[in-house]
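1. My questions concern the predicted model and sequence given below.
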Amino acid sequence: MTHNYVLELTPRDPLVARDGRPFGVGQGNRMRSGDWLLPSVVAGSLRTLLGKQLGGSFDSEMVDALKATAVSGPFPMIEGKLFLPCPVDAVIKDDKGLTTLLSVRPINADAIAAVCDLPGNLLPALLPESEADDFKPSKRPAFWSVDRMADWLADHTGLAHSSEPFSGCGNEYLIVLPQEERTHVKITPESGAASDGELFSTCALDFSRTVGDGVIRMALRVQPHGMFDAETNKLNALHPCGGERRLLHWKVADQPEWSLPVTLKTAFENADREGHRRVRLVLATPGLFVDKDNQQGWKPGWLHQTDQEFVGCPPGSTVKLKLVSAVVDRWRPISGWSLEKGKVGPKPVRRMVPAGATYFLEAIGEGSVAQLANDLWLQSVCDNEQDQRDGFGLALWGLWNHHPKGKA
């Protein structure tokens, strides 16, 4: 029987979440940090910890079992409440201190049929026509609470959230974690003294800030391979994670709510009754996608182009979806260094779709959208099975409708 566990990860040090820029001898003396840890970084650290607890042989059998251990996350957690990455279809307008939350939605096809030539008959995603004046969007909170995210995804009009407090962080929103920069010096092995002019710096995510009465931890859901089930169930250990071997405390936690929130469940059930077939897919973790020709891209490979449309079924579902539009930030590089026996060396650079990317889809044919959302909530929609196990491409599901008209 397969069990799911939720681990509570408590950083004991600022965590280094390196981005893809070179760092090392002859490559640069400043280590840069991303805004959050990649799923594969935490997955690799956990698998190493579990392997050590079972003797640390790391033979081919153990490595295969460790790679079969699936993770979901990590996500920020404050006092047992999950926080999820901000969706990019949300735009914040700050006009003289009045904050307005706007939604980006595909415009009605009839309004732009003569001027749009996007591939696959895709539609542009626009702001409401009422926002006629140009403005510079304000910075979005990096993470939203799961309750706040459920409210946003359940609102198919995109008009129900007009005024929101976004300053700082609080019960519903979390801004980007501060980064701590440290300057180091190279030590000469022979003398133990500092080398002249050999300075370098590292940058790390600082988890020391408190929010209200709680501290920021991380939550990670784990589905261990059978031989590691007992070890995961009793996990309570310190183990490094990320660059510079900074320490995390790993332990099994009381399970926070990982299933489809009640607000969204009700909204999807109503959508089924009313025949509403338009669904939103928001990436809660970065996505890695490949098509049938093993080409990396901005859209899931299971959306195949047929008859000038992108159509397909997501992994784990038989509901056929048609891509209508998408709002996706620029791709980010991901690489690393493999320590697996026989494969030691640099990993190839891959193109990663950032978390928060939003895909506007329409269910066609048979199938319940409520069942789709319930089955695939926080499940991976990546094309490659190992990417799914590594925690990439976790999906949040919501509803949407067209803005009758819009502004790019």
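-> Good, I have the coordinates. Residues are numbered from 1 along each chain as shown.
2. can you map out the helices along the stretch 51-200 of the chain?
-> Along the stretch 51-200 of the chain, the segments classed as helices by DSSP state H, counting those that start in this stretch run 60-68, 109-112, 146-154.
3. Go through the ones you listed and name the closest to residue 123.
-> helix 109-112 (5.9 Å; C-beta to C-beta). No exception for glycine: its C-beta is placed from N, CA and C like everyone else's.
4. show me the contacts for the residue lying closest to residue 353 once chain neighbours are set aside.
-> Leaving out its chain neighbours, the residue that sits closest to residue 353 by C-beta to C-beta, 6 or more residues apart in numbering is residue 287, at 4.0 Å. Residues near residue 287 by C-beta atoms under 8 Å, 6 or more residues apart in numbering: 300, 352, 353, 357, 381, 382, 392, 393.
5. how does it look with 10 Å?
-> 281, 298-300, 328, 331, 351-355, 357, 359, 380-383, 387, 392-395 (C-beta atoms under 10 Å, 6 or more residues apart in numbering).
6. Okay, and which of these map to helices?
-> The helices, defined by DSSP state H, take in residue 387 from the contacts of residue 287.
7. if we can go back for a sec, deepest-packed of the helices of the stretch 51-200 of the chain, please.
-> Comparing these by mean neighbour count (mean count of other C-beta atoms under 10 Å), helix 146-154 ranks first with a mean of 22.
8. Packing partners of it?
-> Applying 3 or more C-beta pairs under 10 Å, 6 or more residues apart in numbering; DSSP states H and E, we find helix 146-154 packed against strand 81-85, strand 143-145, helix 262-274, strand 278-283, strand 395-399.
9. What angle do strand 81-85 and it make with each other?
-> 50 degrees (axes from the mean of the first three to the mean of the last three C-alpha atoms, to 10 degrees).
10. so how far is helix 146-154 from its chain's centroid?
-> Centre-to-centre, helix 146-154 and its host chain are 16 Å apart (C-alpha atoms, centre = their mean, to the nearest Å).
11. Check stretch 325-332 too.
-> 13 Å.
12. Only the buried residues of that stretch, if you could.
-> For stretch 325-332, a neighbour-count test (16 or more other C-beta atoms under 10 Å) marks 325, 326, 327, 328, 331, 332 as buried.
13. ok, back up a step: is it possible to mark the buried ones in the contacts of residue 287?
-> 281, 299-300, 328, 331, 351-355, 357, 359, 380-383, 387, 392-395.
14. give the contact list for the residue nearest to the spatial centre of the chain.
-> Centroid-nearest residue in the chain, with C-alpha atoms, centre = their mean: residue 285, separated by 1.4 Å. By C-beta under 10 Å, 6+ apart, the contact set of residue 285 is 36, 38-40, 71-75, 84-85, 352-356, 378, 380, 382, 390-395.
15. about what we covered before: confidence-wise, which of the helices of the stretch 51-200 of the chain is weakest overall?
-> Note on those: lowest mean pLDDT is at helix 109-112, with a mean of 61.
16. All the strands of the stretch 251-400 of the chain, in order from the start?
-> 278-283, 304-306, 309-312, 320-327, 332-334, 337-338, 345-346, 350-352, 358-364, 395-399 (DSSP state E, counting those that start in this stretch).
17. Just send those back as a markdown table, with mean pLDDT too.
-> Output for those, formatted as a markdown table (pLDDT from 0 to 100):
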| stretch | mean pLDDT |
| --- | --- |
| strand 278-283 | 97 |
| strand 304-306 | 86 |
| strand 309-312 | 93 |
| strand 320-327 | 95 |
| strand 332-334 | 89 |
| strand 337-338 | 81 |
| strand 345-346 | 86 |
| strand 350-352 | 92 |
| strand 358-364 | 96 |
| strand 395-399 | 97 |
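18. Dump these to a markdown table, plus distance to residue 100.
-> A markdown table is the format used below for the strands of the stretch 251-400 of the chain (distance: least, C-beta to C-beta, whole Å):
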| stretch | distance to residue 100 |
| --- | --- |
| strand 278-283 | 20 |
| strand 304-306 | 37 |
| strand 309-312 | 32 |
| strand 320-327 | 18 |
| strand 332-334 | 29 |
| strand 337-338 | 45 |
| strand 345-346 | 46 |
| strand 350-352 | 31 |
| strand 358-364 | 19 |
| strand 395-399 | 20 |
